[in-house]
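Student: sharing a model that was predicted from the sequence below.
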There are 2 protein chains.
Amino acid sequence: METKRLALEIAKNHLQLRGYNGFSFQDIADELGIRKASLHYYFASKEDLGLALIEDYSNSFQEWTQKHAELDSLEKIKKFIDMYSTFSQDGLKVCPGGVFCIDYNTLPPNLKKTVCQLQEQIQEWLTKAVAEGIKSKSIRPTLKPKETATLIHATTQGALQIARMQNNPKAMKSTSLALLSLLEK
Amino acid sequence: METKRLALEIAKNHLQLRGYNGFSFQDIADELGIRKASLHYYFASKEDLGLALIEDYSNSFQEWTQKHAELDSLEKIKKFIDMYSTFSQDGLKVCPGGVFCIDYNTLPPNLKKTVCQLQEQIQEWLTKAVAEGIKSKSIRPTLKPKETATLIHATTQGALQIARMQNNPKAMKSTSLALLSLLEK
DNA sequence: GTCTATAGGGAGATAGAC
DNA sequence: GTCTATCTCCCTATAGAC
């Protein structure tokens, strides 16, 4: 099972660096030092690998939210930005949501559905955090919680991508914090 | 030359719907009703096609800016959002910048460079528009022009992508206008 | 300009040996 | 679990006829 974990980690790197249609079983096998046919022992198809990737991201995010459950709402959002920012700092990666979105129309139906669920999971967490923030008067009530959550989500996702093109790993964080400064009360 | 134009239009659609690594010469040829080999008469390689695409986007944007040069700065930015919003309304397309960003690390060097130039072109136009807006006191001076431009750019790009996953062509515009409401004085 | 034919490579995937 | 061998399909790209 160790090999499966390693393969998933390698696949995550490739995904966030080159897109879903930008890497192959061969790439993973090479890095892992095994033959690509052997990978089919763990993942019957590339769709299966994709599903496993999403599940992994989803579980990581779930764990992450539990770890930060006790924080003040504004701090939660700052930590969220931090998490995304680590992608950028790790070789100018982008977030999985952005990747799967671009390749979305090339994905098999099951994968599409799962990708959407991951986006919703993040969206819902952000919405709750924002609603808390409005309640505790740390976030302006100008926009509705859901609207603000979408705005944060869109900005962080876009900022990761812009940062890559600008070859500037630090840009993502400052762009996102700029938005936050406008949202803070 | 008419065939070349048609091929470019078809390629643009595929690019914004399926990503750079998500379509092939075959796809364009099928839609055009010719053989894929014939496409190489117009575009020697896929890289060449990519370069032609970027050039086309860049020229279109250049024309677009000239058409809107006389507008008030805030109106300019609203029109910019409108333009991006038409992508979303046209089959949940995303912007070329977002597409090329995800596939960025799989691109040949020349294409990479050209993609970056397109991003800079947009960025510079936005920065000027924001600077004007701050001068004429229609935009808050809280953030620097360049910072605000990047924020708008990241948000509009991300909002297009989120809108696709939410299967909601109208979401892009409302998310972007939400940001604008925070920036307005 | 567009065609047929084809080269050459890489993709995902499977069968069966070890 | 991992291997070799192989299948099928699709990709970009080229040569040369029409």
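Tutor: Great, that's in hand.

Student: A:Tyr104 against A:Thr114, yeah?
Tutor: No: contact between A:Tyr104 and A:Thr114 fails when scored by Cβ atoms under 8 Å: they sit 11.6 Å apart. Heads up, the C-betas are built off the backbone N, CA and C, glycines and all.

Student: show me where chain A has helices.
Tutor: Counting by DSSP state H, one finds helices in chain A at the ranges A:2-18, A:25-32, A:36-39, A:46-67, A:73-89, A:96-102, A:109-135, A:145-165, A:171-183.

Student: separation between A:Gln89 and A:Gln123?
Tutor: Counting by Cβ to Cβ, to the nearest Å, the separation of A:Gln89 from A:Gln123 is 24 Å.

Student: higher neighbour count, the two?
Tutor: Taking neighbours as other Cβ atoms under 10 Å in any protein chain shown, A:Gln89 and A:Gln123 compare with A:Gln123 leading, 19 against 14.

Student: what residues does chain A put near DNA strand C?
Tutor: A:Ser24, A:Phe25, A:Gln26, A:Asp27, A:Lys36, A:Ala37, A:His40, A:Ala44, A:Ser45, A:Lys46, A:Glu47 (Cβ under 7 Å from any atom of the strand).

Student: now a ChimeraX select for only the buried ones of those residues.
Tutor: To isolate the buried ones among these in ChimeraX, judged by 16 or more other Cβ atoms under 10 Å in any protein chain shown, type:
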select /A:25,27,46
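
Student: can you pull the phi/psi pair for A:Gln166?
Tutor: In terms of degrees, to the nearest 10, the main-chain angles of A:Gln166 are phi -90, psi 0.

Student: and the residue of chain A nearest chain B?
Tutor: Closest residue of chain A to chain B, Cβ to the nearest Cβ: A:Gly158 (3.0 Å).

Student: got the contact list for that residue?
Tutor: Taking Cβ atoms under 8 Å, 6 or more residues apart in numbering or on different chains, we find A:Gly158 in contact with A:Gly98, B:Gly98, B:His153, B:Ala154, B:Thr155, B:Thr156, B:Gln157, B:Gly158, B:Ala159, B:Gln161.

Student: and for A:Met165?
Tutor: A:Met165 is in contact with B:Gly97, B:Cys101, B:Tyr104, B:Val115, B:Cys116, B:Gln119, counting by Cβ under 8 Å, 6+ apart.
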